[in-house]
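Novice: Curious how this folds, go ahead:
(chains A and B)
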Amino acid sequence: MSSPSAVAEAVGAAPDPRPRRAFRVPRPGYLVTKLAAAAVSFGVTLVIGFVLFNVMPSDPVRTMTRGRPVSEAQLAALRVQLGLDKPIWERFFDYVGNTLHGNLGYSWEYQQSVASLTLSRVGPTLLLMGTSFAISVVLGLWLGMRSGWRAGSLFDRVTSSTALTLWSVPTFWLGMILLIVFSVGIGPIHGFLPTAGMSDPTLPQTGMTHYLDVARHLVLPALTMVLVVYAQYVTIMRSSIIEEKGSPYLLTARAKGLTDDAVRRRHALPNAMLPSVTMIFMHLGGLISGAVTVEAIFSWPGLGDLTYQALTIPDLPVLQGTFIVFSASVIIMNLLADLAYRVLDPRVRAQ
Amino acid sequence: MSAAQTATEPVHAEAPAAAPVPPRFAAARRFARAFRGRPAGVAGLSILLLFTLLALLAPAFIGPDQLDVTKVNGPLLAAPSGSYPLGTDQAGRSVLLLLIWGSRESLEIGVLATVLTVVFGSAIGIVAGHFGGFVGRALMHVTDWFIALPSLPLAISLAAVLGQGSASITIAIAVTSWTATARLVRAQTLAVEARPFVERARALGAGNWQIMLRQVLPNVMPLILVSSTLTVAGSLLSEATLTFLGLGSPTDVTWGEMIHDAFFGGAFTADAWWYLLPPGLAILAVVLGFTLTGRAVEHVLDPRMENK
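Specialist: Numbers count the residues shown, from 1 in each chain, chains lettered A, B, ... in the order given. Model prediction:
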């Protein structure tokens, strides 16, 4: 028999008898099933997008030319140009073909292809989301671990109720409050952060000054996102730690004489991470779309702001393009969540 | 087998179904006592009662003249004062009255969207759970597809296509939130259908509809009610978000519309915090109220949740 610590290690961190680092690529069968499911999901998204934007609007040409004097002949010409005179199934196949070729249509307002429009907005969204996501995950998981470990303590109660309150706040309203306090300035506080955009156009757009400028612009939108998002991670981590807390392998770890801190970090944390990681990936896709209001308030030039601008016009091709990009990102993230879970949890891998 | 036995003696088998009334009230009393032991839940319920009362009584002391932009005569964007406890908006309307009136329409949209969500989600969930097989799997696939769709962009697109107004917002919220209820109800339906009394009903010749409506639904109901309080909280937030993005009707008075007007209508640049702060706090209070109440009921119904 091996030493007790090795047993505890194996039971605690990985019930797999093989060495802990053993990494197995998921069976191709599993991968293929998941990929097929993702492809079907994307197909359904396309159908819903088509119904939403091409079947439901009664007359897109009228919406497009709203407020401008146009003759009936011009309207008819526009309909032919947009392919609206073709039968519906032909339009559907055109639409699917175009989307799969990366052709998302042509914006009415910006007079630009939707694909290039969305592509130019992906970077800022990823920057904002990436920053706030990383901070929320670290903050949320750490707070969740601490408060779950000492459930019922003062620290736990303060953390949990703060998280619950912040979750109940409308994101955009919180953003406005932060904007008023930190950038417009109220009472004794002088606004010191920029109100809108991603960079100051008067400064050079390259080099260190530019990066610092972007970072300064990033503070408020990222803070708003973090404050609303981290609460979910606290809740998830807290309940999974509580679930693990009663497990016998922790008793073993304590019986070995490990400190409370070591038991928590080396034994409880890895197992409690599993459900959290899945949830985090599931949220990651939604996070990108959650940025719509934040980007709108801070005029952050990302996909969310583009959606908002398209909405006020309304510019249906752009809305459709962002809808498809958002859906695709959610589907990809869910796929990654499934695969990551399999890699992380040997029990699922064995199934 | 007991099912076969009861089938031959239908008269005796009916007896336990006609549950005597007193135990039901005893359960309600027990529930009330357990609920009172949760201060957070009581606080949440009090907030909800307060806002419901305000919303119901609002027409008694707020006339259309006080909300009509063309008829009010207050100072424009004035800070809080004696006659206007929360100040006024850009048109000279009292923010306090707008706030109270807003609770009517905001709660109405939130509750209506939740009713749609719960009815549709429960119907799908029960049918999917009851029929299993091809129908059940197909329904669950459809549910999964909807879960995979990003809810806010879908709601935005739907409301944009349907046009401005509270009706399209309500529909957009319902379309994006029924999936959670459907999954929950399906799981519970499967659990209920595995219990002997459903088998007994089937042996007595109950049809699919009778089993779903008379046996499964009453047993799934408590769970549906609990989850619906949490759904209302989510619906209120979605309503505020969609209205803020400009999808609401500009003539309606809702909390989301107030924040929209405050942000895009100049109150923001004029530092009029008294116009911006109250609607957000009201949303926060009501969402928190629904969440706290829902959680407390959840804990009372399921003591295993105690330490979560």
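
Novice: Mind giving me the packing neighbours of the helix or strand where residue A:35 lies?
Specialist: In this assignment (DSSP states H and E), residue A:35 forms part of helix A:28-50. Judged by 3 or more C-beta pairs under 8 Å, 6 or more residues apart in numbering or on different chains; DSSP states H and E, helix A:28-50 is in contact with helix A:88-100, helix A:316-344, helix B:133-148. No exception for glycine: its C-beta is placed from N, CA and C like everyone else's.

Novice: Single out the most deeply packed of those.
Specialist: The highest mean neighbour count among those, using mean count of other C-beta atoms under 10 Å in any protein chain shown, belongs to helix A:316-344: a mean of 21.

Novice: Do any residues in it lie close to chain B?
Specialist: Yes - Helix A:316-344 is in contact with chain B by C-beta under 8 Å from any C-beta of the partner chain, via A:316, A:319, A:320, A:322, A:323, A:326, A:327, A:329, A:330, A:331, A:334.

Novice: Stretch A:272-280 too?
Specialist: No - Stretch A:272-280 is not in contact with chain B by C-beta under 8 Å from any C-beta; minimum separation 12.8 Å.

Novice: distance between that stretch and the chain's centre?
Specialist: Centroid separation between stretch A:272-280 and its chain, computed with C-alpha atoms, centre = their mean, to the nearest Å, is 15 Å.

Novice: Residue A:33: neighbouring residues, count only.
Specialist: A count of nearby residues for residue A:33, using other C-beta atoms under 10 Å in any protein chain shown, gives 12.

Novice: List the contacts of the closest residue to residue B:121 other than its chain neighbours.
Specialist: Leaving out its chain neighbours, the residue that sits closest to residue B:121 by C-beta to C-beta, 6 or more residues apart in numbering or on different chains is residue B:181, at 2.8 Å. Contact partners of residue B:181, counting by C-beta atoms under 8 Å, 6 or more residues apart in numbering or on different chains, are B:117, B:118, B:120, B:121, B:122, B:125, B:224, B:227, B:228, B:231.

Novice: out of those, which one sits closest to chain A?
Specialist: residue B:231 (14.1 Å; C-beta to the nearest C-beta).

Novice: Mind putting the residues of helix A:316-344 next to chain B into JSON lines with pLDDT?
Specialist: Output for the residues of helix A:316-344 next to chain B, formatted as JSON lines (pLDDT from 0 to 100):
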{"residue": "A:316", "pLDDT": "78"}
{"residue": "A:319", "pLDDT": "83"}
{"residue": "A:320", "pLDDT": "83"}
{"residue": "A:322", "pLDDT": "84"}
{"residue": "A:323", "pLDDT": "85"}
{"residue": "A:326", "pLDDT": "84"}
{"residue": "A:327", "pLDDT": "84"}
{"residue": "A:329", "pLDDT": "83"}
{"residue": "A:330", "pLDDT": "82"}
{"residue": "A:331", "pLDDT": "83"}
{"residue": "A:334", "pLDDT": "80"}
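
Novice: quick one on the thing from earlier: please point out which parts of the helix holding residue A:35 sit buried.
Specialist: By neighbour count on 16 or more other C-beta atoms under 10 Å in any protein chain shown, the buried set for helix A:28-50 is A:30, A:34, A:37, A:38, A:41, A:42, A:44, A:45, A:46, A:48, A:49, A:50.

Novice: ditto for stretch B:101-110
Specialist: Quick answer for stretch B:101-110 (16+ other C-beta under 10 Å): B:101, B:102, B:103, B:104, B:105, B:106, B:107, B:109, B:110.

Novice: Report the rounded mean pLDDT for it.
Specialist: On average, the pLDDT along stretch B:101-110 is 86.

Novice: do stretch B:118-126 as well
Specialist: For stretch B:118-126, mean pLDDT rounds to 91.

Novice: circling back to that earlier point, now do the helix holding residue A:35 and helix A:316-344, the angle between them.
Specialist: 160 degrees (axes from the mean of the first three to the mean of the last three C-alpha atoms, to 10 degrees).

Novice: Appreciated, that's everything.
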